[in-house]
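Peer 1: got a predicted structure here, sequence first:
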Amino acid sequence: MLNIAIDGPAGAGKSTIAKGVAQRLHILYLDTGAMYRAMALKALRCGVAPTDAEAVPPLLATTEIFAKNVEGVQHTYLDGEDVSGLIRTQEISKAASDISAIPAVRIKLAEAQREVARLSDVVMDGREIGSYVLPKAPHKFFVSASVEERAARRLHELRSRGEYIEKTLPDVMDEIALRDHNDSTRAFAPLLRVPDAIYIDTTFMTIEQAIDAVLSRLPNQTEAKE
Ligand code: DC
């Protein structure tokens, strides 16, 4: 199977890049962050704090999370409900980062992600795909950009959706720095740049350039020519 792992911090553009690479190769794209977001939504709906390492694990037995591609767009299902439209808020971003620090959550979601990679060619993006979920993936990338650039992109994205109009760049830089800190310092499977991952700094790149940078590093590129 062609398994491509793309890791990196929040706002580095990895999901857009991963999606673009998958489209150009005509293979599946799996947004693993959406699965953590769905789990965070589950906890909040159950009145459980996403930081509560005692109360979250018992929820796992009765939680079903899966992702399905519908015409190239990922839809994420929580207990049979399509929650794709509910998991992109700032509240869920923070809750997902918190809940992802709980090992039992990671073990369950990583298993589901490995199963996808076992069955299909896939581009998977996340924080620890190359280090923990698919350590044997033959193609690993670590995508990043400066905190300021990542914050500017996030602000633009939020504003284009009409959210957080009142936030300033320094506010968003603080949020991103906090998420980076949470994601990189958790004890279990943190955000990690493994030595065999190819590093791509997207600070001064367009999305197309970043996609090309990934594709050009794949040996025997299988991109279907239009
Ligand atoms: O990529 P994202 O912003 O949708 O991810 C939301 C949170 O989920 C992120 O702060 C960390 C966590 N996450 C993770 O720990 N491992 C992944 N493979 C993907 C996301």
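Peer 2: Cool, got the structure.
Peer 1: ok, then the element right after the helix or strand bottoming out on mean pLDDT in the chain?
Peer 2: One helix or strand of the chain scores below all others by mean pLDDT, DSSP states H and E: strand 65-70, with a mean of 86. Using DSSP states H and E, the next helix or strand after strand 65-70 towards the C-terminus is strand 73-78.
Peer 1: list the contacts of that following strand.
Peer 2: The contact list for strand 73-78 (Cβ atoms under 8 Å, 6 or more residues apart in numbering) reads 29-31, 34-35, 37-39, 41-42, 63-69, 82-84, 87. Every residue, glycine included, has its C-beta placed from N, CA and C.
Peer 1: ok, now with 10 Å
Peer 2: Here strand 73-78 makes contact (Cβ atoms under 10 Å, 6 or more residues apart in numbering) with 15, 19, 22, 28-31, 33-35, 37-42, 45, 63-69, 82-87.
Peer 1: report the distance from the helix or strand following it to the chain centre.
Peer 2: Sequence-wise, the next helix or strand downstream of strand 73-78 (DSSP H and E) is strand 81-82. Relative to its chain's centre, strand 81-82 lies at 19 Å (Cα atoms, centre = their mean, to the nearest Å).
Peer 1: show me where this structure has its helices.
Peer 2: Ranges of helices in the chain, per DSSP state H, are 14-25, 32-45, 57-60, 90-99, 103-119, 147-160, 169-185, 207-216.
Peer 1: which of the contacts of strand 73-78 are buried? Put it as a ChimeraX command.
Peer 2: Buried members of these, defined by 16 or more other Cβ atoms under 10 Å, are picked up in ChimeraX with:
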select :15,19,22,28,29,30,31,33,34,35,37,38,39,40,41,42,63,65,67,83,84,87
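Peer 1: from the contacts of strand 73-78, which are also near the ligand?
Peer 2: Restricting the contacts of strand 73-78 to those within reach of the ligand (Cβ under 6 Å from any ligand atom) leaves 33, 37.
Peer 1: which helices and strands does the least confident helix or strand of the chain pack with?
Peer 2: Using 3 or more Cβ pairs under 10 Å, 6 or more residues apart in numbering; DSSP states H and E as the contact test, the elements touching strand 65-70 are strand 28-31, helix 32-45, strand 73-78, helix 103-119.
Peer 1: which ones are touching the residue nearest to residue 109 when sequence neighbours are not counted?
Peer 2: Leaving out its chain neighbours, the residue that sits closest to residue 109 by Cβ to Cβ, 6 or more residues apart in numbering is residue 35, at 5.0 Å. Residues in contact with residue 35 (Cβ under 10 Å, 6+ apart) are 65-67, 76-78, 87, 96, 100, 105, 108-110, 112-113, 126.
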